[in-house]
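# sequence unknown, structure follows:
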């Protein structure tokens with residue numbers, strides 16, 4: 001226990017960790033909540049970008065095949081496995 005300004009500060013004996021008072025707990029909770037929301041927003045944005053990339057990749061495969069390239073050539077040009085390019089071709 002320590003006196004901090006006009007408040008007593010309590011600490012764990014085993015770790016020395018300060019035990020937070022109500023205001024500090026509320027601030028820590030608000031900070032953690034903001035961090036979680038930001039992480040969720042970043043994860044959602046990454047999912048949207050991944051979906052967009054996948055759609056563009058599928059469109060590119062289809063367009064290149066329509067232009068006369070073989071599935072093997074398309075997979076090589078786009079850095080896809082042959083199975084991936086064939087799966088996209090089969091969807092159309």
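The structure has been received and is ready for your questions. No experiment lies behind these values; they were computed from the predicted model shown.
# biggest helix in the chain by residues?
When the chain is parsed with DSSP state H, its longest helix is helix 22-66.
# and the residue lying closest to residue 11 once chain neighbours are set aside, how many neighbours?
Leaving aside its sequence neighbours, residue 11 sits nearest to residue 18 (Cβ to Cβ, 6 or more residues apart in numbering; 5.3 Å). Any C-beta I mention is one placed from the backbone N, CA and C, and that applies to glycine too. Neighbours of residue 18 under the rule other Cβ atoms under 10 Å: 13.
# one more: residue 88?
22.
# quick one, what contacts it?
Residue 88 is in contact with 57, 58, 61, 62, 80, counting by Cβ atoms under 8 Å, 6 or more residues apart in numbering.
# try it again with 10 Å
54, 57-62, 65, 71, 74-75, 78, 80 (Cβ atoms under 10 Å, 6 or more residues apart in numbering).
# low-confidence ranges in this structure?
Applying pLDDT under 70 to the chain flags residues 1-5.
# tell me how far the spatially most central residue of it lies from residue 34.
Nearest to the mean C-alpha position of the chain, by Cα atoms, centre = their mean, lies residue 43 at 3.1 Å. Noted for residue 43: a distance of 15 Å to residue 34, by Cβ to Cβ, to the nearest Å.
# cool, and residue 65?
Residue 65 is 47 Å from residue 34, by Cβ to Cβ.
# among these two, which residue is more densely surrounded?
residue 65 (17 against 10).
# count the residues that sit near residue 57.
The number of residues near residue 57, taken as other Cβ under 10 Å, comes to 16.
# list the contacts for residue 90?
Residue 90 neighbours (Cβ under 10 Å, 6+ apart): residue 71.
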